[in-house]
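Visitor: sequence? don't have it. structure:
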């Protein structure tokens, strides 16, 4: 079990905020979490062409070290092959299911060797602000997920889309349980992403946003990425 205690502020629709602390007990990345099976299959074939192995099932649950989860404003990666992806993050905070925002940073060079390895080698930055899942279920598909990268001295849009194309947390938890997974207190799950706009890009700074147009609020998390030099 991780001893990397993390503090979050979970806000209800009423505006009431509660400070919660978790010791991450498990970390799961839900890959291939789209609702449209045809679109998922098309993406699988695209990645097969660049050497990424076909998943044995969809969605695919990648178990990683919970110590990778960080709320820090900066992280290190090895070289410049790692790129981020904005994802909704599900957190079990003492039995209460909360939603946050995070990046499933992945080493793209290693991805052709092994998907789990390519994810395990990178930290998983998450924002310290959460929302209660109960307040979101009624309008989940309307939430907007986006990311921005710092390029040429300005923020540029990198991803944007609603959550309508992704499995909901409840769907993912059901699938995860069927596979024998448990999501107890301290568990963290990354719940899928929306397409990249253009090409994959290593960014020294990244911003993640989850926009709730119904309750008129936004989660935002910015972090820096330091590329460690690889010795020849």
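Guide: In hand now; what should we look at? Given the structure is predicted, the values throughout are model-derived calculations rather than measurements.
Visitor: From residue 103, how far out is the residue nearest the centre of the chain?
Guide: For the chain, the residue nearest the mean C-alpha position is residue 87 (3.3 Å; Cα atoms, centre = their mean). Distance of residue 87 to residue 103, given as Cβ to Cβ, to the nearest Å: 7 Å. In this view, the C-beta of every residue, glycine as well, is placed from N, C-alpha and C.
Visitor: Output the longest strand belonging to this structure.
Guide: Identified as the longest strand of the chain according to DSSP state E is strand 217-228.
Visitor: Give me the helix or strand of this protein that scores worst on average pLDDT.
Guide: Ranked by mean pLDDT, DSSP states H and E, the helix or strand of the chain with the weakest confidence is helix 37-48, at a mean of 74.
Visitor: hang on, the earlier thing: which residues touch the longest strand of the chain?
Guide: If you take Cβ atoms under 8 Å, 6 or more residues apart in numbering as the criterion, strand 217-228 is touched by 11, 72-80, 82, 84, 100-103, 105, 125-131, 202-212.
Visitor: Okay, now the sheet partners of it, with direction.
Guide: Strand pairing for strand 217-228, determined by DSSP bridges: strand 74-78 (parallel), strand 205-212 (antiparallel).
Visitor: any chance of those in TSV, plus mean pLDDT and distance to residue 172?
Guide: Compiled in TSV, the strands paired with strand 217-228 are given as follows (pLDDT from 0 to 100; distance: least, Cβ to Cβ, whole Å):
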stretch	mean pLDDT	distance to residue 172
strand 74-78	97	25
strand 205-212	98	16
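Visitor: hmm, back to that, in the longest strand of the chain, what counts as buried?
Guide: By neighbour count with 16 or more other Cβ atoms under 10 Å, strand 217-228 contains the buried residues 219, 221, 222, 223, 225.
Visitor: what mean pLDDT does that strand have?
Guide: Strand 217-228 comes out with an average pLDDT of 98.
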